[in-house]
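Enquirer: could you work out the structure for the sequence below:
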Amino acid sequence: MELIERLKQQLSEVYGIHNEEDLLKAMEKQKPIDIGVFVREVNGIEKAG
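Expert: Next up is the predicted model:
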């Protein structure tokens, strides 16, 4: 099965997204993701430059 078809199947079965309209609606409802844990400075590690 092609990757695109596998993604479409997964979106349909798991999230109930069956077409482009469903996908766009889901994206509009999606809350922002907090990526702070990935960008915070860690003690003992120096910044480059």
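Enquirer: show the average pLDDT along the biggest helix by length in the chain.
Expert: Looking across the chain with DSSP state H, the single longest helix is helix 3-15. Summarised as a single mean, pLDDT over helix 3-15 is 96.
Enquirer: following that helix, which helix or strand comes up?
Expert: helix 20-29 (DSSP states H and E).
Enquirer: is the residue nearest the centre of the chain in a helix, a strand, or coil?
Expert: Nearest residue to the geometric centre of the chain (C-alpha atoms, centre = their mean): Ile33, 8.6 Å. Assigned with DSSP: H, G, I helix; E, B strand; the rest coil, Ile33 falls in the coil class.
Enquirer: give the buried residues for the longest helix of the chain.
Expert: Within helix 3-15, the residues that count as buried by 16 or more other C-beta atoms under 10 Å are Lys8, Leu11. In this view, the C-beta of every residue, glycine as well, is placed from N, C-alpha and C.
Enquirer: only alpha carbons, please: show it as PDB.
Expert: This file holds the C-alpha atoms of helix 3-15, laid out as PDB (Å, rounded to 0.1, in the frame of the first residue of the first chain):
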ATOM      1  CA  LEU A   3       2.200   5.800   1.900                       C
ATOM      2  CA  ILE A   4      -0.500   8.300   0.900                       C
ATOM      3  CA  GLU A   5      -3.200   5.600   1.000                       C
ATOM      4  CA  ARG A   6      -1.900   4.300   4.400                       C
ATOM      5  CA  LEU A   7      -2.200   7.900   5.800                       C
ATOM      6  CA  LYS A   8      -5.700   8.300   4.400                       C
ATOM      7  CA  GLN A   9      -6.700   5.000   5.900                       C
ATOM      8  CA  GLN A  10      -5.300   5.900   9.300                       C
ATOM      9  CA  LEU A  11      -6.900   9.400   9.300                       C
ATOM     10  CA  SER A  12     -10.200   7.800   8.400                       C
ATOM     11  CA  GLU A  13     -10.200   5.000  10.900                       C
ATOM     12  CA  VAL A  14      -8.600   6.700  13.900                       C
ATOM     13  CA  TYR A  15      -9.700  10.400  13.500                       C
END
